[in-house]
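Engineer: Make a model of this:
(one chain, ligands or ions: 2)
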Amino acid sequence: MDNASSPTQAPHRAGFACFVGRPNAGKSTLTNALVGTKVAITSSRPQTTRHTVRGIVHRPDAQLVLVDTPGLHKPRTLLGERLNDVVRTTWAEVDVIGFCLPADQKLGPGDRFIAAELAKIKKTPKVAIVTKTDLVDSKTLAEQLLAVDRLGQELGIEWAEIIPVSAVGDKQVSLLSDLLVPLLPKSPPLYPEGDLTDEPEQVMVAELIREAALEGVRDELPHSIAVVVEEMLPREGRPENKPLLDIHANVYIERPSQKGIIIGPKGARLKEVGMRSRKHIEALLGTPVFLDLHVKVAKDWQRDPKQLRKLGF
Ligand SMILES: Nc1nc2c(ncn2[C@@H]2O[C@H](COP(=O)(O)OP(=O)(O)OP(=O)(O)O)[C@@H](O)[C@H]2O)c(=O)[nH]1
Ligand SMILES: [Mg+2]
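Structural biologist: Ligands and ions are numbered 1, 2, ... in the order given. Predicted coordinates:
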């Protein structure tokens, strides 16, 4: 009898865990920390994630598929409504839900709203994850853990676990995966070994450009930015050992007045965005890249069903 079938060894498990929480709670950063690679873009602006991103954690005993979702919030646009729908559909389909609450902010109406929604889903185990613990002292953290426990009691949610983590400080991240695995069903792996995400390359590239474009912009502008990769083609006539990938992408904004901000004086900002994202894209694809960025206006795309469809929502 080989080891795999010995009765003392736990059966292999595989399944889906989704992270939910309000915008900026640290869901995508935690997803990346667990996977060990950047599969989801992150930023200090709320509502960075706009579609579900799957990150895959491979372990000898289990395959944990993390589904990072957009932050759930009060929708102000059609895009916002679409994002919230995506989140709700996702949590109906997963084996375990990880509810992310930042340690550095008192529980607010946004968290209560999500918790009340989660309370309606009876069958799925829920783990409360207090994120960003590196930002607070131990007293504040203890108070937050108690508050989360009380929130569960108030709403009739029985947390399978309450766990504090820091994705940036790498505290308790692997413990979190240890706690999630037993909540998954017994199953062989669902994805091939080595796959870290099922995101198409073109989407990953667009997201890396959007991440770079988000840096340093303020107010409403982050929400107005969308990126679409139009074409990715190997440059013809290059020697085999010196390939170059041409990437053409459009950066969309909502109003002509935003164009100047994105492009910057003499194109300096757009150039910076190109340089910064190109580094990440080259690391992702493992090949030198020529990145051609164009800024275009898609008028009020967040509210326009036709434009939303064109941009992939
Ligand atoms: N200090 C600290 N900062 C963190 C930690 N996790 C996330 N952050 C920061 O919090 C901000 C938001 O992180 P994200 O991972 O993008 O948050 P999110 O929940 O995915 O946000 P949305 O996609 O907008 O819903 C970023 O600036 C992160 O760097 C952490 O463990 N410690
Ligand atoms: Mg996110």
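Engineer: Just the element for the nearest residue to Leu107 once chain neighbours are set aside, please.
Structural biologist: Using Cβ to Cβ, 6 or more residues apart in numbering and skipping the chain neighbours, the partner closest in space to Leu107 is Ala147 (5.3 Å). Heads up, the C-betas are built off the backbone N, CA and C, glycines and all. Ala147 belongs to helix 138-155 when elements are defined using DSSP states H and E.
Engineer: That helix near ligand 1 at all?
Structural biologist: No - shown here: helix 138-155 not in contact with ligand 1 (Cβ under 6 Å from any ligand atom), separated by at least 12.2 Å.
Engineer: Would you mark the buried spots in that helix?
Structural biologist: Using 16 or more other Cβ atoms under 10 Å as the burial criterion, the residues of helix 138-155 that qualify are 141, 144-145, 148, 151-152.
Engineer: again with stretch 305-313
Structural biologist: For stretch 305-313, burial by neighbour count (16+ other Cβ under 10 Å) applies to 307-308, 311, 313.
Engineer: what comes into contact with stretch 82-99?
Structural biologist: 15-21, 47, 50-52, 67, 69-70, 72-73, 75, 114-115, 117-118, 121, 124-129, 160, 176, 180, 183-185, 308, 313 (Cβ atoms under 8 Å, 6 or more residues apart in numbering).
Engineer: Close to ligand 1: what parts of the stretch 151-300 of the chain are there?
Structural biologist: Counting by Cβ under 6 Å from any ligand atom, the stretch 151-300 of the chain sits next to ligand 1 at 166-168.
Engineer: mind listing what's buried in the lowest-mean-pLDDT helix or strand in the chain?
Structural biologist: Lowest on mean pLDDT, DSSP states H and E among the helices and strands of the chain sits helix 78-93, with a mean of 88. Residues of helix 78-93 classed as buried by neighbour count (16+ other Cβ under 10 Å): 78-80, 82-84, 86-87, 90-91.
Engineer: And for stretch 34-44?
Structural biologist: By neighbour count on 16+ other Cβ under 10 Å, the buried set for stretch 34-44 is 34-35, 38-43.
Engineer: and that stretch, is it in reach of ligand 2?
Structural biologist: No - Stretch 34-44 lies out of reach of ligand 2 by Cβ under 5 Å from the ion, never closer than 5.9 Å.
Engineer: close to ligand 1, is that stretch?
Structural biologist: Yes - Stretch 34-44 reaches ligand 1 (Cβ under 6 Å from any ligand atom) through 42-44.
Engineer: what number of residues lie near the residue of the chain found nearest ligand 1?
Structural biologist: The minimum distance from the chain to ligand 1, using Cβ to the nearest ligand atom, falls at Gly71 (2.6 Å). Neighbour count of Gly71, defined by other Cβ atoms under 10 Å: 25.
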